[in-house]
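1. can you look at this prediction? I've put the sequence above it.
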Amino acid sequence: MCQKIKAGLIGGGEGSFIGRVHYNAAMLDGYYELVCGAFSSDPEKSVRSAETYHIPSDRAYGSWQEMLETEASRPQDDRMEVVLITTPNHLHHPQIMAALDKGFHVICDKPVAISLKQALEIEEKVRATGLIFVLTHTYTGYPLVKEANELVRSGKLGKIRKVVADYPQGWLATPIEQEGQKQASWRTNPEFSGPGGCLGDIGIHAENLVENITGLEIESLCADITSFVPGRQLDDDVSVLLRYKGGAKGVLMASQISTGEENDMTIHIYGEKGGIEWHHADPNTLLLKMHEEPVQIIRAGANYNYLSEKARWNTRVPGGHPEGYIEAFANIYKNAAFDINKYKDNTFSVPDFIDYPTIRDGVEGMKFIEKVIESARSEEKWIRL
């Protein structure tokens, strides 16, 4: 591996959740080093936060604009190379566009933007610059999600007929945004979150995971969205019927008012020959259900040679040692590091099975959000994508 990739973090200041997750994931395998950050829009808070990341105060910036401008003017061997964007959704588009304009690779939290129009503008900018763009759809990083993809791709399950994706949470069962809870306050506000609440927060995770595993593309959908909590501006419950190109059918449910639930996203995929089942609450187990055969339990483990090469590449420890959310996040960062190094040195070797979510996932996610909302508001039964 080449020298560590120099990263700058936007967001992740005091009280942040996802910024610290990005940092921990990026540092896990040693491919990156954090050299600077604009950790908060409050300059004093940004400097205080820098101490927790072991960043010198002169590289803790008071704004993301200042960080991009100053880092771009530093000597080539000293400036940051990739920007990690961990801010609320409404800031993604301007920050991504500015970072790409300055010549920096980008790793951004999902969703990519707050509209399909913005996502398409980013797609065009990525294409024009040729820079690496990564979208952190975390669940795609789990080893057994990679294995599920390999099982579908190999034809083991036969032609896919049915998919069911269910993502229940209960953390917004009450109006905690009205009590000043930081995460709830911006995620339920369309000014900061965009047009989708539950839909944009976890609904697109379920949609993206199905596409990642199966390769299926949505042809049309029929949706119902609800804001159950009085006074809430955005949806907190989503139900979608799906028709895929090629004939498969699907059901997607996402809810943040499923009282008592945590983050147990569940995926069922059924083909002509067999099916698979995966639960986020037990990510190291994949159930394989072949026709008229006993259920097979597939477990994650770096020493399990029955797993595909891609699954083992994304597994760090032997079977029986659980890997989880940070490790899945870290797999996205690890795989992206190979392509960033390839960008710097075209002789750098990259395994064929390297994968991570890209701007295409971002565009498809925004298209899904907008079409679900259109369907929910329409008198038409089915809306084509």
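-> Arrived safely.

2. hey, let's count contacts and neighbours off CA atoms from now on
-> Noted.

3. show me the contact partners of the helix or strand bottoming out on mean pLDDT in the chain.
-> The least trusted helix or strand in the chain, going by mean pLDDT, DSSP states H and E, turns out to be helix 43-52, with a mean of 90. Residues outside helix 43-52 that contact it (C-alpha atoms under 8 Å, 6 or more residues apart in numbering) are Gly13, Glu14, Gly37, Ala38, Phe39, Ser40, Pro56, Ser57, Ala60, Tyr61, Gly62, Ser63.

4. OK, contacts around the residue most central in space within the chain?
-> Per C-alpha atoms, centre = their mean, the C-alpha nearest to the average position across the chain is that of His137, at 1.5 Å. His137 makes contact with Asp109, Lys110, His205, Asn208, Pro357, according to C-alpha under 8 Å, 6+ apart.

5. could you do Glu33 as well?
-> Contacts of Glu33 (C-alpha under 8 Å, 6+ apart): Lys4, Ile5, Lys6, Ala7, Met27.

6. that one - that's part of a strand, no?
-> Yes - checked against DSSP: H, G, I helix; E, B strand; the rest coil, Glu33 lies within a strand.

7. got a quick ChimeraX command for the buried subset of the contacts of Glu33?
-> In ChimeraX syntax, the buried subset of those is picked out as below (16 or more other C-alpha atoms under 10 Å):
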select :5,6,7
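
8. same list, the contacts of Glu33, but as a markdown table with distance to Ser193 and pLDDT please.
-> Formatted as a markdown table, those follow (distance: C-alpha to C-alpha, whole Å; pLDDT from 0 to 100):
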| residue | distance to Ser193 | pLDDT |
| --- | --- | --- |
| Lys4 | 33 | 95 |
| Ile5 | 30 | 97 |
| Lys6 | 29 | 98 |
| Ala7 | 25 | 98 |
| Met27 | 28 | 97 |
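
9. go through the contacts of Glu33 and flag which are in strands.
-> The subset of the contacts of Glu33 located in strands under the criterion DSSP state E comprises Ile5, Lys6, Ala7.

10. can I get those residues in TSV with distance to Glu191?
-> TSV is the format used below for the ones in strands among the contacts of Glu33 (distance: C-alpha to C-alpha, whole Å):
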residue	distance to Glu191
Ile5	34
Lys6	32
Ala7	28
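
11. and of these, the nearest to Arg79?
-> Using C-alpha to C-alpha, the shortest approach to Arg79 within these belongs to Lys6, at 7.2 Å.

12. separation between the closest one and His92?
-> 20 Å (C-alpha to C-alpha, to the nearest Å).

13. those helices in the protein, which residues are they?
-> With DSSP state H applied, the chain shows helices at 18-28, 43-52, 64-73, 92-101, 116-129, 143-154, 182-187, 190-193, 198, 204-214, 309-313, 325-344, 359-377, listed in chain order.

14. neighbour count and pLDDT for the contacts of helix 43-52 - can I get that in TSV?
-> Conversion of the contacts of helix 43-52 to TSV gives the following (neighbours: other C-alpha atoms under 10 Å; pLDDT from 0 to 100):
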residue	neighbour count	pLDDT
Gly13	27	91
Glu14	16	86
Gly37	32	97
Ala38	29	97
Phe39	31	95
Ser40	25	91
Pro56	13	91
Ser57	15	88
Ala60	28	95
Tyr61	25	96
Gly62	19	93
Ser63	18	96
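
15. out of those, which are inside strands?
-> Cross-referencing the contacts of helix 43-52 against strands under DSSP E gives Gly37, Ala38.

16. for the contacts of helix 43-52, which one is nearest Val251?
-> Top of the list for closeness to Val251, among the contacts of helix 43-52 and by C-alpha to C-alpha, is Gly13 at 37.7 Å.

17. list the contacts for that closest one?
-> Gly19, Phe39, Ser40, Lys45, Ser46, Ser49, Ala50.

18. now with 7 Å, please.
-> Phe39, Ser40, Ser46, Ser49 (C-alpha atoms under 7 Å, 6 or more residues apart in numbering).

19. same question for stretch 203-212, mean pLDDT?
-> Looking at stretch 203-212 alone, the average pLDDT works out to 97.

20. just the CA atoms of it, as PDB, please.
-> Once side chains and other backbone atoms are set aside, the C-alpha atoms of stretch 203-212 remain, and they are given as PDB (Å, rounded to 0.1, in the frame of the first residue of the first chain):
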ATOM      1  CA  GLY A 203     -35.900   4.100   3.300                       C
ATOM      2  CA  ILE A 204     -33.100   4.600   0.800                       C
ATOM      3  CA  HIS A 205     -30.800   2.300   2.800                       C
ATOM      4  CA  ALA A 206     -33.300  -0.500   2.300                       C
ATOM      5  CA  GLU A 207     -33.700   0.400  -1.400                       C
ATOM      6  CA  ASN A 208     -30.000   0.600  -2.000                       C
ATOM      7  CA  LEU A 209     -29.300  -2.700  -0.200                       C
ATOM      8  CA  VAL A 210     -31.800  -4.600  -2.400                       C
ATOM      9  CA  GLU A 211     -30.200  -3.100  -5.500                       C
ATOM     10  CA  ASN A 212     -26.700  -3.800  -4.300                       C
END
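
21. which residues does that stretch contact?
-> Applying C-alpha under 7 Å, 6+ apart, the contact partners of stretch 203-212 are His137, Tyr139, Thr140, Ala165, Tyr167, Glu217, Ala254, Gly365.

22. one more: stretch 213-232?
-> With contacts defined as C-alpha under 7 Å, 6+ apart, stretch 213-232 is touched by 145, 148-149, 152, 174-175, 188, 211, 234-245, 372, 375-376, 381-385.

23. now the buried members of those residues.
-> Burial by neighbour count, judged by 16+ other C-alpha under 10 Å, picks out 145, 148-149, 152, 174-175, 188, 211, 234-244, 372, 375-376, 382-383 from those.

24. how is this protein carved up into domains?
-> Split into domains by automatic domain parsing, the chain comes to 5-139+335-358, 142-315+363-377.

25. so what does the residue nearest to the centre of the chain have for phi and psi?
-> The phi and psi values for His137, taken as degrees, to the nearest 10, are phi -80, psi 90.
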